[in-house]
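Peer 1: what follows is a predicted structure for the sequence shown.
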Amino acid sequence: MGVREFIKGWPVYRQLTGTDPLGRGAAAKSSHSEQLTARTSTADSVARSVCPYCAVGCGQKVFVSGGKVAQIEGDPDSPISRGRLCPKGSASKNLVTSPLRQTTVKYRRPYGTEWEDLELGTAMEMIADRVLATRSATWQDADDKGRPLRRTMGIASLGGATLDNEENYLIKKLFTAMGAIQIENQARI
């Protein structure tokens, strides 16, 4: 490539000598940028969703290509967020596509030093047994004066910000039904 071709390909030269003196159109385009396409243009389908991070409920468009999530962007039709997402919402693609995401149940035995994989059914049974044992051991039916309490102080819940509103609602109902009164969510703290 000669000097003349290099200078003619330079955006500032095109801006000063062409019809785009502000450099907002053709002067700013390069041969490379003209060949680029949006990540969303090759999507097979688009699903509407709600951001999973907090209780605001920002709308998202999930672009799926080849059966995998290709991109997640704000939904401009959402009356709540009008196409905008916060930094966590903008990074929510990592929540579902990160190679670091755990996809199996991990368990570390008491006094153990290593994590081991556990079957989901086994883990659920262990959790249920421990919840029932704790509830039985810490149940308070009435106070010293005979007033009904019907609660347990041995179980508490702290929900995370990656849970959506529906999950937090169901967790609140579950823990309330078990008699727990210490129920909180990280998004509210």
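Peer 2: Yep, that arrived.
Peer 1: what is the neighbour count of Gly18?
Peer 2: Gly18 has 13 neighbours, counted by other C-beta atoms under 10 Å. (Glycine included, C-beta is placed from N, CA and C.)
Peer 1: could you measure from it over to His32?
Peer 2: As for Gly18, its distance to His32 is 18 Å (criterion: C-beta to C-beta, to the nearest Å).
Peer 1: burial of Arg14, as a residue count?
Peer 2: Count around Arg14 with other C-beta under 10 Å applied: 20.
Peer 1: that one is in what secondary structure piece?
Peer 2: Arg14 is part of helix 11-17 when elements are defined by DSSP states H and E.
Peer 1: repeat for Gly121
Peer 2: Counting by DSSP H and E, the secondary-structure element that holds Gly121 is helix 120-138.
Peer 1: mind listing residues that contact the helix or strand just after that helix?
Peer 2: If you walk from helix 120-138 toward the C-terminus, the next helix or strand you reach (DSSP H and E) is strand 139-142. Residues from elsewhere that reach strand 139-142, judged by C-beta atoms under 8 Å, 6 or more residues apart in numbering: 148-153, 179.
Peer 1: in strands, which of those residues fall?
Peer 2: 148-153 (DSSP state E).
Peer 1: returning to what we had before: name the member of the contacts of strand 139-142 with the most neighbours.
Peer 2: The member of the contacts of strand 139-142 that has the most neighbours, counting by other C-beta under 10 Å, is Thr152 with 21 neighbours.
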